[in-house]
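Peer 1: Fold the following for me, if possible:
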Amino acid sequence: MRIGASTACLYPMETEKAVATLIENGFRIIEIFFNSFSELEPEYLEKLNEYILKNNCEVVSIHPFLSGMEPFLFFSNYERRFYDTVDFYEKFYRGAQILGAKKLILHGGVFPDRYNLSDEEYCKRFDIIAKRGRKFGVETLHENVNKFRASSPDFIKTMRKIIPDSAKFTLDLKQAVRSGYSPFEILDSMGNSLKHIHINDHTNGKDCLLPFYGDFNYKELFSECRKISYDGDVIIEIYKNNFDDVSELMRSAEKLSKLL
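Peer 2: Presented below is the predicted three-dimensional model:
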């Protein structure tokens, strides 16, 4: 396990500036949250990758800015739009490939499902998306986002049963809390299909804080991760209004690293 940070922590700072800011503050493991169409152009990506490599940095994962549209684009009743979107997402997979990232984060469909897709149809579509990503050497990970279908431990288990080869997941601690579940309950449902972690902290009154600014037990989290032989990365993902200075991100990362 390695500790990194997401450029999403600095939104709405422009993506390349967010990458530079994280690197300047000591991060070498980064998740990139793309924010616009032009950021998927090869010229932009190659220039960004040149800067990343120059600074001995590794991009381990990417996050599409269309995640809020994924219920409509991927999981509606209009099948043609699904296949068109799978083709369009090749831009994200190619972007990941250029940057050397091996993981793409998907939010998926909402819950309850306004389009009434069966579990089998939903899983069939996710399987198609995942297989397209694998052509580019990228693993597609379903995140447990609040109000989305994979926020439920039962649905996560269903995905693992129906498409065991493609059902891979990102655990986000704050999203588990927002969904009314313990992060450990979500982790248990993901089991060894867990491939990535978005880490943050919380208290009874606040669900998104910097690590060590709340009450969460990170020693227990890492212990449970070792039990399932988790070998992914741990990415700090919070929002800009959750901290005062970027240096706080690195201080949290250093504390987390000491627990590994």
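Peer 1: mind listing the helices for this protein?
Peer 2: Using DSSP state H, the helices found in the chain span residues 15-24, 42-54, 70-74, 79-88, 90-99, 119-134, 153-162, 173-178, 183-190, 218-227, 247-259.
Peer 1: closest one to Ile199 among those helices?
Peer 2: helix 173-178 (6.0 Å; C-beta to C-beta). Backbone N, C-alpha and C define where each C-beta goes, glycine included.
Peer 1: what sits against the residue found closest to Asp207 once you drop the neighbours it is linked to in the chain?
Peer 2: Closest residue in space to Asp207, ignoring its immediate chain neighbours: Val177 at 4.7 Å, by C-beta to C-beta, 6 or more residues apart in numbering. Contacts for Val177 (C-beta atoms under 8 Å, 6 or more residues apart in numbering) come out as 183, 202, 207.
Peer 1: follow-up on the earlier one: now tabulate the helices of the chain in a markdown table and tack on mean pLDDT and distance to Pro64.
Peer 2: Below are those laid out as a markdown table (pLDDT from 0 to 100; distance: least, C-beta to C-beta, whole Å):
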| stretch | mean pLDDT | distance to Pro64 |
| --- | --- | --- |
| helix 15-24 | 98 | 12 |
| helix 42-54 | 98 | 14 |
| helix 70-74 | 97 | 8 |
| helix 79-88 | 98 | 10 |
| helix 90-99 | 98 | 5 |
| helix 119-134 | 98 | 11 |
| helix 153-162 | 98 | 19 |
| helix 173-178 | 97 | 16 |
| helix 183-190 | 98 | 21 |
| helix 218-227 | 97 | 26 |
| helix 247-259 | 96 | 23 |
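Peer 1: Out of those helices, indicate the one that is most buried.
Peer 2: helix 173-178 (a mean of 23; mean count of other C-beta atoms under 10 Å).
Peer 1: May I have that one as CSV, with CA atoms only?
Peer 2: Taking Å, rounded to 0.1, in the frame of the first residue of the first chain, the C-alpha atoms of helix 173-178 are listed here in CSV:
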residue,chain,number,x,y,z
LEU,A,173,-14.9,6.0,3.3
LYS,A,174,-17.0,9.2,3.2
GLN,A,175,-19.4,7.7,0.7
ALA,A,176,-19.9,4.7,2.9
VAL,A,177,-20.8,7.1,5.8
ARG,A,178,-23.1,9.1,3.7
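Peer 1: Going forward, count from 61.
Peer 2: Sure, I'll start numbering at 61, so the last one becomes helix 233-238.
Peer 1: and the residue nearest to Asp267, how far is that from Thr200?
Peer 2: Between Val237 and Thr200 the computed distance is 24 Å (C-beta to C-beta, to the nearest Å).
Peer 1: Same check on Phe186?
Peer 2: From Phe186 over to Thr200 (counting by C-beta to C-beta), the distance is 8 Å.
Peer 1: what is in contact with the two at once?
Peer 2: In contact with both Phe186 and Thr200: 166, 226, using C-beta under 8 Å, 6+ apart.
Peer 1: Surely Glu118 touches Leu159?
Peer 2: No - taking contacts as C-beta atoms under 8 Å, Glu118 lies outside contact range of Leu159: 9.2 Å.
Peer 1: Overlap in contacts, those two.
Peer 2: Ile112.
Peer 1: so what's Lys191 up against?
Peer 2: Lys191 neighbours (C-beta under 8 Å, 6+ apart): Ser226.
Peer 1: for the residue nearest to the spatial centre of the chain, which residues make a bridge with it?
Peer 2: The centre of the chain sits closest to Ile165, judged by C-alpha atoms, centre = their mean, with a distance of 4.2 Å. Beta-bridge partners of Ile165, counted by DSSP bridges, are Leu201.
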